[in-house]
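Asker: Here is a sequence together with a model predicted from it:
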There are 2 protein chains.
Amino acid sequence: MSYKDKKVITIGVVRDLTGLSERQIRYYEERKLIFPERTPGGSRKYSFADVELLVEIANKIEDGVQTHEIRKEMLRAQKKQNQEDVRRKMIQGQLNAQFGLRKGPTS
Amino acid sequence: MSYKDKKVITIGVVRDLTGLSERQIRYYEERKLIFPERTPGGSRKYSFADVELLVEIANKIEDGVQTHEIRKEMLRAQKKQNQEDVRRKMIQGQLNAQFGLRKGPTS
DNA sequence: AAAACCATGTGAGGTATTCTAACAAACTTA
DNA sequence: TAAGTTTGTTAGAATACCTCACATGGTTTT
């Protein structure tokens, strides 16, 4: 996993990076738009990808889009992405079956 | 600046990422091997690059190298890097002067 | 219009995390 | 032996984060 996706940023830093309030950030989580990890003690940890997503969410909110609409959009995009992933993996699987290398040591 | 260099990670997360103790992380700062930023309240903030550097430092310490030796190495490497940067920029400057585009709108 | 929902601010009380400073200990170097 | 290195630990204070609840002004639904 790349730096962009590692959940290492606390909410205060996210607040400073995005300009959002902590209240807003927590609220968007409550509305299932964002999914931070937690420390053992319960503090939220976000990734840079989360930060970018939060900015996108904030822009849509500013445009008057409601959180449940944003959530639907995200689920649609997610589903589409999953379909593409499945197709890509199936094709790769077929190629491997026909021409690919076996598992295990090859050298 | 890339994600790798943004100072956003608190010391507890750095501890978990590196396996070092907070004591060690602060001590290496005291020995001028690492330079976190601070929040307004005084909490340290590290980058992913810092995390990688800390791991390298820890490896050298394990090999019995002392912090002041590591610091010298780092200063040497830094100086060398600066020299290379200067040369590269000078050459680029010459190329621009001879063949480069003027500043300002070009289209 | 009343009721319900949305998005956000704020405050209280509690827990988690981080800070500095100091002392100790084991080890290495001078 | 004296001095320096590295790390652990402890203490007390400050900062940061947590949840929950109530308030408010706007919008949608009934």
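Answerer: Here it is on my side, so go on.

Asker: which residue packs closest to residue A:43, ignoring adjacent ones?
Answerer: residue A:10 (6.2 Å; C-beta to C-beta, 6 or more residues apart in numbering or on different chains). C-betas here are computed from N, CA, C, even on glycine.

Asker: Pretty sure the one you found sits against residue A:47.
Answerer: No - using C-beta atoms under 8 Å as the test, residue A:10 is too far from residue A:47 to be in contact (11.9 Å).

Asker: what's around the residue in chain A positioned nearest to DNA strand C, how many residues?
Answerer: The nearest approach of chain A to DNA strand C comes at residue A:41, 2.2 Å away (C-beta to the nearest atom of the strand). Residue A:41 has 6 neighbours, counted by other C-beta atoms under 10 Å in any protein chain shown.

Asker: Name the residues of the helix or strand containing residue A:79 that are buried.
Answerer: Using DSSP states H and E, residue A:79 falls within helix A:67-99. For helix A:67-99, the neighbour count (16 or more other C-beta atoms under 10 Å in any protein chain shown) marks A:67, A:70, A:74 as buried.

Asker: what's residue A:15 in contact with, if anything?
Answerer: A:21-22, A:25 (C-beta atoms under 8 Å, 6 or more residues apart in numbering or on different chains).

Asker: For DNA strand D, give me its nearest residue in chain A.
Answerer: For chain A, C-beta to the nearest atom of the strand, closest residue to DNA strand D: residue A:12, 2.3 Å.

Asker: tell me the contacts of that residue?
Answerer: A:22, B:39.

Asker: quick one: it from residue B:97, how far?
Answerer: 47 Å (C-beta to C-beta, to the nearest Å).

Asker: now swap in residue A:50 and tell me
Answerer: 45 Å.

Asker: interface residues of chain A facing chain B?
Answerer: Within reach of chain B by C-beta under 8 Å from any C-beta of the partner chain, chain A has these residues: A:3-4, A:6, A:8-10, A:12-13, A:17, A:39, A:45, A:48.
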